[in-house]
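Asker: Curious how this folds, go ahead:
(2 chains)
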Amino acid sequence: MHDLYIFITGPLAWAAFILFIGGSLYRLLAMLILVNRKERFIFSYMSLRYGLRSILHWITPFATVNMRRHPVLTVVTFLFHICLIVTPIFLLSHVILWDESWNLSWWSLPDGLADFMTIIVIAGAIFFLIRRIVSPEVQFVTSASDYIILAIVAAPFVTGFLAYHQWFAYEFFMVLHILTGEMMLVAIPFTRLSHMIYSPFTRAYMGSEFGGVRHAKDW
Amino acid sequence: MNKSVVYMIAFVIIFVFVLVSVHSQEDMERVDNSVFKNPERPSALFRHDEHNENADIENCSECHHLYEDGQMIEDGSSEDQHCSDCHALKASDSIPALRKAFHMNCKGCHLEQKQGPVTCGECHKK
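Answerer: This is a model prediction of the structure:
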(Lines give C-alpha, C1' and ligand atoms only; values in the text may rest on other atoms or scores of the structure.)
Protein backbone atom coordinates (compact mmCIF):
# COMPACT_ATOMS: atom_id res chain seq x y z
CA MET A 1 0.00 0.00 0.00
CA HIS A 2 2.72 2.50 0.97
CA ASP A 3 4.84 1.94 -2.12
CA LEU A 4 1.72 2.15 -4.28
CA TYR A 5 0.56 5.35 -2.53
CA ILE A 6 4.02 6.93 -2.80
CA PHE A 7 4.17 6.06 -6.50
CA ILE A 8 0.73 7.27 -7.52
CA THR A 9 0.91 10.48 -5.46
CA GLY A 10 4.55 11.08 -6.41
CA PRO A 11 5.98 10.30 -9.89
CA LEU A 12 2.58 9.50 -11.38
CA ALA A 13 1.04 12.73 -10.09
CA TRP A 14 3.99 14.68 -11.51
CA ALA A 15 3.57 12.95 -14.87
CA ALA A 16 -0.19 13.68 -14.87
CA PHE A 17 0.24 17.40 -14.13
CA ILE A 18 3.14 17.79 -16.59
CA LEU A 19 1.09 16.12 -19.34
CA PHE A 20 -1.98 18.18 -18.42
CA ILE A 21 -0.26 21.58 -18.35
CA GLY A 22 2.37 20.83 -21.01
CA GLY A 23 -0.19 19.12 -23.24
CA SER A 24 -2.63 22.02 -22.93
CA LEU A 25 0.06 24.57 -23.84
CA TYR A 26 1.17 22.37 -26.73
CA ARG A 27 -2.39 22.02 -28.07
CA LEU A 28 -2.96 25.77 -27.87
CA LEU A 29 0.32 26.54 -29.58
CA ALA A 30 -0.32 23.92 -32.27
CA MET A 31 -3.76 25.45 -32.89
CA LEU A 32 -2.36 28.97 -33.25
CA ILE A 33 0.38 27.75 -35.61
CA LEU A 34 -2.19 25.88 -37.71
CA VAL A 35 -4.46 28.91 -37.91
CA ASN A 36 -1.50 31.09 -38.81
CA ARG A 37 -0.57 28.74 -41.62
CA LYS A 38 -3.97 27.94 -43.06
CA GLU A 39 -6.42 30.72 -42.22
CA ARG A 40 -4.37 33.75 -41.39
CA PHE A 41 -7.19 36.07 -42.51
CA ILE A 42 -8.96 35.22 -39.24
CA PHE A 43 -6.58 37.57 -37.45
CA SER A 44 -7.85 40.42 -39.60
CA TYR A 45 -11.23 40.37 -37.89
CA MET A 46 -10.51 38.87 -34.45
CA SER A 47 -11.91 41.44 -32.06
CA LEU A 48 -11.48 41.63 -28.30
CA ARG A 49 -14.78 43.43 -27.89
CA TYR A 50 -16.93 41.05 -29.96
CA GLY A 51 -15.02 38.05 -28.62
CA LEU A 52 -15.63 38.97 -24.98
CA ARG A 53 -19.24 39.93 -25.76
CA SER A 54 -19.89 36.46 -27.12
CA ILE A 55 -18.07 34.70 -24.26
CA LEU A 56 -20.03 36.72 -21.73
CA HIS A 57 -23.35 35.72 -23.31
CA TRP A 58 -22.44 32.06 -23.44
CA ILE A 59 -21.23 31.85 -19.82
CA THR A 60 -24.40 33.55 -18.53
CA PRO A 61 -27.28 31.12 -17.94
CA PHE A 62 -30.22 31.71 -20.31
CA ALA A 63 -28.47 34.59 -22.08
CA THR A 64 -28.73 32.84 -25.46
CA VAL A 65 -31.72 31.74 -27.55
CA ASN A 66 -30.45 28.17 -27.59
CA MET A 67 -30.28 28.02 -23.79
CA ARG A 68 -33.81 29.38 -23.47
CA ARG A 69 -35.04 26.73 -25.91
CA HIS A 70 -33.54 23.96 -23.78
CA PRO A 71 -34.04 25.07 -20.16
CA VAL A 72 -33.40 21.66 -18.58
CA LEU A 73 -30.19 21.11 -20.53
CA THR A 74 -29.08 24.66 -19.64
CA VAL A 75 -29.58 24.18 -15.89
CA VAL A 76 -27.89 20.75 -15.91
CA THR A 77 -24.97 21.96 -18.05
CA PHE A 78 -24.23 24.97 -15.87
CA LEU A 79 -24.53 23.09 -12.56
CA PHE A 80 -22.47 20.19 -13.95
CA HIS A 81 -19.60 22.34 -15.19
CA ILE A 82 -19.49 24.64 -12.15
CA CYS A 83 -19.45 21.70 -9.72
CA LEU A 84 -16.99 19.78 -11.91
CA ILE A 85 -14.41 22.57 -11.72
CA VAL A 86 -15.09 24.09 -8.29
CA THR A 87 -15.36 20.88 -6.22
CA PRO A 88 -11.90 19.39 -6.81
CA ILE A 89 -10.13 22.75 -6.52
CA PHE A 90 -11.79 23.74 -3.25
CA LEU A 91 -12.22 20.31 -1.65
CA LEU A 92 -10.72 20.39 1.87
CA SER A 93 -8.84 17.08 1.44
CA HIS A 94 -7.24 18.38 -1.77
CA VAL A 95 -6.35 21.75 -0.21
CA ILE A 96 -4.68 19.87 2.66
CA LEU A 97 -2.60 17.88 0.16
CA TRP A 98 -1.48 21.07 -1.64
CA ASP A 99 -0.56 22.49 1.75
CA GLU A 100 1.45 19.41 2.70
CA SER A 101 3.31 19.29 -0.61
CA TRP A 102 3.72 22.95 -1.57
CA ASN A 103 2.90 24.94 1.55
CA LEU A 104 0.07 26.53 -0.45
CA SER A 105 -3.33 26.89 1.11
CA TRP A 106 -6.63 28.45 0.15
CA TRP A 107 -10.30 28.57 1.10
CA SER A 108 -12.15 25.23 1.09
CA LEU A 109 -15.72 24.00 0.85
CA PRO A 110 -17.48 22.39 3.83
CA ASP A 111 -17.39 18.61 3.23
CA GLY A 112 -21.19 18.38 3.23
CA LEU A 113 -21.53 20.91 0.42
CA ALA A 114 -18.70 19.29 -1.56
CA ASP A 115 -20.52 15.98 -1.17
CA PHE A 116 -23.70 17.53 -2.59
CA MET A 117 -21.78 19.08 -5.49
CA THR A 118 -20.22 15.69 -6.24
CA ILE A 119 -23.69 14.19 -6.46
CA ILE A 120 -24.62 16.96 -8.93
CA VAL A 121 -21.65 16.04 -11.14
CA ILE A 122 -22.55 12.33 -11.05
CA ALA A 123 -26.22 13.06 -11.71
CA GLY A 124 -25.20 15.38 -14.57
CA ALA A 125 -23.05 12.64 -16.09
CA ILE A 126 -26.01 10.24 -15.92
CA PHE A 127 -28.21 12.89 -17.54
CA PHE A 128 -25.74 13.33 -20.42
CA LEU A 129 -25.47 9.55 -20.81
CA ILE A 130 -29.24 9.14 -21.09
CA ARG A 131 -29.44 12.12 -23.42
CA ARG A 132 -26.88 10.53 -25.73
CA ILE A 133 -28.87 7.32 -25.86
CA VAL A 134 -32.38 8.76 -26.04
CA SER A 135 -32.16 11.97 -28.06
CA PRO A 136 -31.98 11.22 -31.83
CA GLU A 137 -30.08 14.38 -32.78
CA VAL A 138 -27.42 13.67 -30.14
CA GLN A 139 -27.31 9.98 -30.97
CA PHE A 140 -26.58 10.92 -34.59
CA VAL A 141 -23.27 12.60 -33.64
CA THR A 142 -22.31 10.10 -30.91
CA SER A 143 -19.43 7.66 -31.18
CA ALA A 144 -17.90 5.23 -28.68
CA SER A 145 -15.36 7.83 -27.62
CA ASP A 146 -18.14 10.04 -26.24
CA TYR A 147 -19.10 7.36 -23.74
CA ILE A 148 -15.47 6.79 -22.79
CA ILE A 149 -14.91 10.51 -22.22
CA LEU A 150 -18.04 10.71 -20.08
CA ALA A 151 -16.79 7.75 -18.03
CA ILE A 152 -13.35 9.37 -17.63
CA VAL A 153 -15.02 12.50 -16.24
CA ALA A 154 -17.46 10.67 -13.97
CA ALA A 155 -14.94 8.17 -12.57
CA PRO A 156 -12.99 10.47 -10.18
CA PHE A 157 -16.27 11.77 -8.77
CA VAL A 158 -17.87 8.35 -8.32
CA THR A 159 -14.75 6.91 -6.69
CA GLY A 160 -14.23 10.06 -4.59
CA PHE A 161 -17.84 9.88 -3.44
CA LEU A 162 -17.51 6.20 -2.45
CA ALA A 163 -14.16 6.73 -0.73
CA TYR A 164 -15.44 9.75 1.20
CA HIS A 165 -18.40 7.84 2.59
CA GLN A 166 -16.25 4.80 3.48
CA TRP A 167 -19.15 2.42 2.95
CA PHE A 168 -16.99 -0.41 1.62
CA ALA A 169 -13.52 -1.11 0.18
CA TYR A 170 -12.23 2.30 1.24
CA GLU A 171 -8.58 1.81 0.30
CA PHE A 172 -9.47 0.35 -3.08
CA PHE A 173 -11.66 3.32 -4.01
CA MET A 174 -9.09 5.76 -2.63
CA VAL A 175 -6.39 4.38 -4.94
CA LEU A 176 -8.85 4.24 -7.83
CA HIS A 177 -9.85 7.86 -7.09
CA ILE A 178 -6.27 9.07 -7.37
CA LEU A 179 -5.67 7.06 -10.55
CA THR A 180 -8.88 8.15 -12.30
CA GLY A 181 -8.23 11.76 -11.31
CA GLU A 182 -4.81 11.62 -12.92
CA MET A 183 -6.30 9.92 -15.96
CA MET A 184 -8.80 12.75 -16.36
CA LEU A 185 -6.09 15.40 -16.11
CA VAL A 186 -4.10 13.68 -18.86
CA ALA A 187 -7.23 13.23 -20.99
CA ILE A 188 -8.06 16.95 -20.99
CA PRO A 189 -5.53 18.11 -23.59
CA PHE A 190 -5.68 14.97 -25.73
CA THR A 191 -9.40 14.22 -26.04
CA ARG A 192 -12.49 16.29 -26.72
CA LEU A 193 -12.27 17.37 -23.10
CA SER A 194 -9.92 19.90 -24.68
CA HIS A 195 -12.99 22.11 -25.11
CA MET A 196 -11.86 23.24 -21.64
CA ILE A 197 -8.87 24.99 -23.23
CA TYR A 198 -10.28 25.67 -26.71
CA SER A 199 -13.74 27.00 -25.88
CA PRO A 200 -12.73 30.60 -25.13
CA PHE A 201 -10.95 30.72 -28.51
CA THR A 202 -13.72 29.16 -30.61
CA ARG A 203 -16.24 31.40 -28.86
CA ALA A 204 -14.12 34.52 -29.40
CA TYR A 205 -13.68 33.56 -33.05
CA MET A 206 -17.42 33.08 -33.61
CA GLY A 207 -18.20 36.28 -31.72
CA SER A 208 -15.70 38.20 -33.82
CA GLU A 209 -17.07 36.88 -37.08
CA PHE A 210 -20.70 37.49 -36.16
CA GLY A 211 -19.98 40.87 -34.59
CA GLY A 212 -17.43 42.30 -37.01
CA VAL A 213 -18.25 40.60 -40.34
CA ARG A 214 -21.88 39.52 -40.34
CA HIS A 215 -23.04 42.25 -37.96
CA ALA A 216 -25.30 39.75 -36.25
CA LYS A 217 -25.74 38.27 -32.80
CA ASP A 218 -24.29 34.84 -32.15
CA TRP A 219 -26.37 34.14 -29.05
CA MET B 1 -35.53 -0.92 47.60
CA ASN B 2 -37.33 1.57 45.43
CA LYS B 3 -36.87 0.75 41.76
CA SER B 4 -35.95 4.28 40.73
CA VAL B 5 -33.21 4.41 43.38
CA VAL B 6 -31.66 1.28 41.86
CA TYR B 7 -31.76 2.86 38.41
CA MET B 8 -30.22 6.03 39.80
CA ILE B 9 -27.33 4.16 41.42
CA ALA B 10 -26.78 2.10 38.28
CA PHE B 11 -26.72 5.27 36.20
CA VAL B 12 -24.16 6.93 38.46
CA ILE B 13 -21.91 3.85 38.39
CA ILE B 14 -22.06 3.63 34.60
CA PHE B 15 -21.49 7.38 34.27
CA VAL B 16 -18.43 7.31 36.52
CA PHE B 17 -17.10 4.25 34.70
CA VAL B 18 -17.48 5.90 31.30
CA LEU B 19 -15.91 9.12 32.57
CA VAL B 20 -12.91 7.33 34.03
CA SER B 21 -12.36 5.14 30.99
CA VAL B 22 -12.55 8.11 28.62
CA HIS B 23 -9.86 9.93 30.57
CA SER B 24 -7.34 7.14 30.93
CA GLN B 25 -4.70 7.05 28.22
CA GLU B 26 -4.51 3.27 27.81
CA ASP B 27 -8.06 3.27 26.62
CA MET B 28 -7.92 6.30 24.34
CA GLU B 29 -9.48 5.46 20.99
CA ARG B 30 -9.26 8.76 19.12
CA VAL B 31 -7.24 11.94 19.15
CA ASP B 32 -8.90 14.68 21.19
CA ASN B 33 -10.10 17.19 18.60
CA SER B 34 -12.12 19.43 20.90
CA VAL B 35 -9.85 22.38 20.06
CA PHE B 36 -11.17 22.48 16.49
CA LYS B 37 -14.34 24.42 15.84
CA ASN B 38 -16.72 22.45 13.61
CA PRO B 39 -14.26 19.75 12.50
CA GLU B 40 -15.17 18.35 9.07
CA ARG B 41 -14.02 14.82 9.84
CA PRO B 42 -14.34 12.52 12.83
CA SER B 43 -11.18 12.77 14.96
CA ALA B 44 -8.35 10.42 14.05
CA LEU B 45 -8.36 6.87 15.41
CA PHE B 46 -5.39 6.53 17.73
CA ARG B 47 -4.68 4.05 20.51
CA HIS B 48 -1.67 5.59 22.21
CA ASP B 49 -0.15 2.60 23.98
CA GLU B 50 -1.02 0.09 21.29
CA HIS B 51 0.51 2.38 18.64
CA ASN B 52 3.79 2.77 20.51
CA GLU B 53 4.02 -0.91 21.17
CA ASN B 54 3.44 -1.75 17.51
CA ALA B 55 5.74 1.02 16.29
CA ASP B 56 8.37 0.14 18.88
CA ILE B 57 8.54 3.71 20.15
CA GLU B 58 9.96 4.20 23.61
CA ASN B 59 11.15 7.76 23.40
CA CYS B 60 8.22 10.15 23.99
CA SER B 61 9.97 12.92 22.06
CA GLU B 62 9.64 10.83 18.89
CA CYS B 63 6.18 12.38 18.57
CA HIS B 64 6.08 14.88 21.44
CA HIS B 65 8.90 16.99 20.03
CA LEU B 66 10.05 20.22 21.62
CA TYR B 67 11.23 23.29 19.69
CA GLU B 68 12.90 26.41 20.98
CA ASP B 69 13.60 29.37 18.65
CA GLY B 70 12.87 27.17 15.64
CA GLN B 71 15.39 24.54 16.72
CA MET B 72 14.36 21.08 17.86
CA ILE B 73 15.72 20.34 21.32
CA GLU B 74 17.42 16.98 21.25
CA ASP B 75 15.75 14.66 23.75
CA GLY B 76 13.48 17.53 24.75
CA SER B 77 10.02 16.20 25.21
CA SER B 78 6.62 17.86 25.41
CA GLU B 79 4.26 15.13 26.54
CA ASP B 80 3.24 17.28 29.50
CA GLN B 81 1.72 19.80 27.10
CA HIS B 82 -1.15 19.81 24.61
CA CYS B 83 -0.16 19.98 20.95
CA SER B 84 -2.35 23.07 20.77
CA ASP B 85 -0.24 24.83 23.43
CA CYS B 86 2.32 25.55 20.68
CA HIS B 87 0.38 24.84 17.45
CA ALA B 88 -2.41 27.39 17.07
CA LEU B 89 -5.31 26.88 14.66
CA LYS B 90 -3.57 29.33 12.29
CA ALA B 91 0.07 28.97 11.30
CA SER B 92 2.55 31.50 12.63
CA ASP B 93 5.99 32.22 11.18
CA SER B 94 7.74 28.92 11.74
CA ILE B 95 5.09 26.97 13.65
CA PRO B 96 2.72 24.92 11.48
CA ALA B 97 -1.00 25.21 12.21
CA LEU B 98 -2.44 22.52 14.50
CA ARG B 99 -4.15 20.50 11.76
CA LYS B 100 -1.07 20.49 9.57
CA ALA B 101 1.11 19.62 12.58
CA PHE B 102 -1.04 16.56 13.31
CA HIS B 103 -1.00 15.48 9.67
CA MET B 104 2.75 15.94 9.23
CA ASN B 105 3.59 14.31 12.54
CA CYS B 106 1.49 11.19 11.85
CA LYS B 107 1.43 10.85 8.06
CA GLY B 108 4.98 12.12 7.66
CA CYS B 109 6.35 9.38 9.91
CA HIS B 110 4.07 6.75 8.36
CA LEU B 111 5.39 7.57 4.89
CA GLU B 112 9.00 7.49 6.09
CA GLN B 113 8.52 4.18 7.88
CA LYS B 114 6.16 2.80 5.22
CA GLN B 115 3.94 1.71 8.08
CA GLY B 116 0.61 2.97 9.27
CA PRO B 117 -2.23 4.93 7.67
CA VAL B 118 -1.57 7.64 5.04
CA THR B 119 -4.93 8.35 3.36
CA CYS B 120 -7.70 10.47 4.91
CA GLY B 121 -10.20 7.74 5.73
CA GLU B 122 -7.71 5.36 7.31
CA CYS B 123 -7.46 7.66 10.36
CA HIS B 124 -10.67 9.69 10.06
CA LYS B 125 -12.91 6.64 10.11
CA LYS B 126 -16.61 7.31 10.19
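
Asker: where exactly do the strands run in chain B?
Answerer: B:67-68, B:71-72 (DSSP state E).

Asker: Just checking: what are the partner strands of the first one?
Answerer: Partner strands for strand B:67-68, per DSSP bridges, with pairing direction: strand B:71-72 (antiparallel).

Asker: What residues does chain B have near chain A?
Answerer: With the criterion set to CB under 8 Å from any CB of the partner chain, chain B comes near chain A through B:40-41, B:99-100, B:103-104, B:107, B:110-111, B:114-115, B:118-122, B:125-126. To be clear about C-beta, it is placed using only N, CA and C from the backbone, and glycine gets the same treatment.

Asker: Can you turn the buried part of those residues into a ChimeraX selection?
Answerer: Here is the ChimeraX command that selects the buried residues among the residues of chain B next to chain A (16 or more other CB atoms under 10 Å in any protein chain shown):
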select /B:41,99,100,103,107,110,111,118,119,120,121,122
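
Asker: Tell me which stretches of the chain form helices.
Answerer: By default, I'm working from chain A. Taking DSSP state H, the helices of chain A run over residues A:2-9, A:11-38, A:42-45, A:48-58, A:65-69, A:71-90, A:92-102, A:111-134, A:136-140, A:144-165, A:170-190, A:195-208.

Asker: not what I meant, chain B
Answerer: With DSSP H as the criterion, chain B has helices at B:3-23, B:48-55, B:83-86, B:98-113, B:120-123.

Asker: Between the ones you listed, which one is closest to A:Leu84.
Answerer: Across those, A:Leu84 has its closest neighbour in helix B:120-123 (21.1 Å, CB to CB).

Asker: Which other helices and strands does that closest one contact?
Answerer: Applying 3 or more CB pairs under 8 Å, 6 or more residues apart in numbering or on different chains; DSSP states H and E, one finds that helix B:120-123 makes contact with helix A:170-190.

Asker: returning to what we had before: for B:Arg47, find the nearest of the helices of chain A.
Answerer: That would be, of those and by CB to CB, helix A:170-190, which comes in at 19.1 Å.

Asker: confidence score at the residue nearest to A:Leu79 when sequence neighbours are not counted?
Answerer: Distance criterion CB to CB, 6 or more residues apart in numbering or on different chains; nearest residue to A:Leu79, sequence neighbours excluded, is A:Ile120 at 5.3 Å. As predicted, A:Ile120 sits at a pLDDT of 98.

Asker: can you count the residues close to A:Ile120?
Answerer: A:Ile120: 17 surrounding residues under other CB atoms under 10 Å in any protein chain shown.

Asker: how close does B:Asn59 get to chain A?
Answerer: Here the criterion is CB to the nearest CB, to the nearest Å. By it, B:Asn59 lies 23 Å from chain A.

Asker: Contact partners for that residue?
Answerer: Shown in contact with B:Asn59 (CB atoms under 8 Å, 6 or more residues apart in numbering or on different chains): B:75, B:77.

Asker: Kindly report the same for the one 5 residues further on.
Answerer: For B:His64, the contact set (CB under 8 Å, 6+ apart) comprises B:77-79, B:81.

Asker: Counting neighbours, what do you get for the closest residue to B:Lys126 other than its chain neighbours?
Answerer: Spatial nearest neighbour of B:Lys126, chain neighbours left out: A:Gln166 (5.1 Å); criterion: CB to CB, 6+ apart. When neighbours are defined as other CB under 10 Å, A:Gln166 has 18 of them.

Asker: close enough to count as contact, A:Gln166 and B:Cys123?
Answerer: No - contact between A:Gln166 and B:Cys123 fails when scored by CB atoms under 8 Å: they sit 11.4 Å apart.

Asker: Tell me how far A:Met67 lies from B:Ala55.
Answerer: Taking CB to CB, to the nearest Å as the measure, A:Met67 falls 59 Å from B:Ala55.

Asker: And these two? Which one has more around it.
Answerer: Legend: neighbour count by other CB under 10 Å for A:Met67 and B:Ala55, higher for A:Met67 (19 against 15).

Asker: The more buried one: what's its closest spatial neighbour, skipping adjacent residues?
Answerer: A:Thr74 (4.2 Å).

Asker: and that neighbour, what does it touch?
Answerer: Contacts of A:Thr74 (CB under 8 Å, 6+ apart): A:61-62, A:67-68.

Asker: From A:Thr180, how far out is A:Leu162?
Answerer: Distance from A:Leu162 to A:Thr180, by CB to CB: 11 Å.

Asker: who has more neighbours, these two?
Answerer: More neighbours surround A:Thr180 than the other of A:Leu162 and A:Thr180, with 21 against 18 (other CB under 10 Å).
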